[in-house]
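J.: Turn this into a structure:
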Amino acid sequence: MTETTDNQTQIDAIWNALQTVTDPEIPVISVVELGIIQDAYLDNGNATVEMCPTFAGCPALDVMRDNIRHAVRAAGFDAVDVKVVYDPPWTTDRITDEGRRKLKEFGLAPPTQCGGSPVTEALIKDTACPFCDSKDTNLESIFGPTLCRAIHYCNSCQQSFEQFKPV
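T.: Got it, this is the predicted structure:
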């Protein structure tokens, strides 16, 4: 096995370990599916993971960093450095298709993809219900239980639901 192949095997092991780390507030989605992992690489034989939080004041930042460190160590790496990076900033466009599917299955309306466009009230207001897919919904509050969520009500199935806001 060449050194390059061995390095790629180790990097793959890091990414596989990261796939097991879930978001503390949404335990059905991994940090990889959420799109907060900027990069993972070897630095002098040590595992380094660059994590870009959903926003600078994320209250789960330390928990995620510890969980990432623990998972990568469990994959066989003694030294694990988790760097928090903010450039480029995280956007909801980084959530994978699988992550969006899992958010909906969990009962959270996935964010509309912005493609770098400014987020408008219409992007938040015009949201399909994750339970019945009806667009006959009302925005009840742009302020949900966390900064990244809004609260809606579905007139069709009469369920309240949260939306992961686009940013």
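
J.: Need the pLDDT of the residue nearest the centre of the chain.
T.: Closest to where the C-alpha atoms of the chain average out (C-alpha atoms, centre = their mean) is residue 34, at 2.0 Å. Looking at residue 34, its pLDDT reads 96.

J.: With residue 101 as the reference, measure out to it.
T.: From residue 34 across to residue 101, the span is 13 Å (C-beta to C-beta, to the nearest Å). Where you see a C-beta, it was placed from the backbone N, CA and C, and this is true even at glycine.

J.: Please apply the same query to residue 10.
T.: Residue 10 sits 29 Å away from residue 101, going by C-beta to C-beta.

J.: So those two - more neighbours on which side?
T.: Shown here are residue 10 and residue 101; by other C-beta atoms under 10 Å, residue 10 has more neighbours (17 against 14).

J.: following the helix or strand where that one lies, which helix or strand comes up?
T.: Following DSSP states H and E, the helix or strand that holds residue 10 is helix 3-18. Where DSSP H and E defines the elements, the next helix or strand beyond helix 3-18 is helix 31-34.

J.: From the contact counts, what lies against that next one?
T.: Packing partners of helix 31-34 (3 or more C-beta pairs under 8 Å, 6 or more residues apart in numbering; DSSP states H and E): helix 3-18, helix 97-106.

J.: Which parts of this structure are strands?
T.: 37-43, 46-51, 80-84, 108-109, 137-141, 149-154, 160-164 (DSSP state E).

J.: can you list those in a markdown table and add distance to residue 127, mean pLDDT and mean neighbour count?
T.: A markdown table is the format used below for these (distance: least, C-beta to C-beta, whole Å; pLDDT from 0 to 100; neighbours: other C-beta atoms under 10 Å):
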| stretch | distance to residue 127 | mean pLDDT | mean neighbour count |
| --- | --- | --- | --- |
| strand 37-43 | 27 | 95 | 16 |
| strand 46-51 | 28 | 96 | 20 |
| strand 80-84 | 30 | 97 | 16 |
| strand 108-109 | 5 | 95 | 22 |
| strand 137-141 | 6 | 95 | 15 |
| strand 149-154 | 6 | 94 | 20 |
| strand 160-164 | 5 | 94 | 23 |
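
J.: I'm done for today, thanks for sticking with me.
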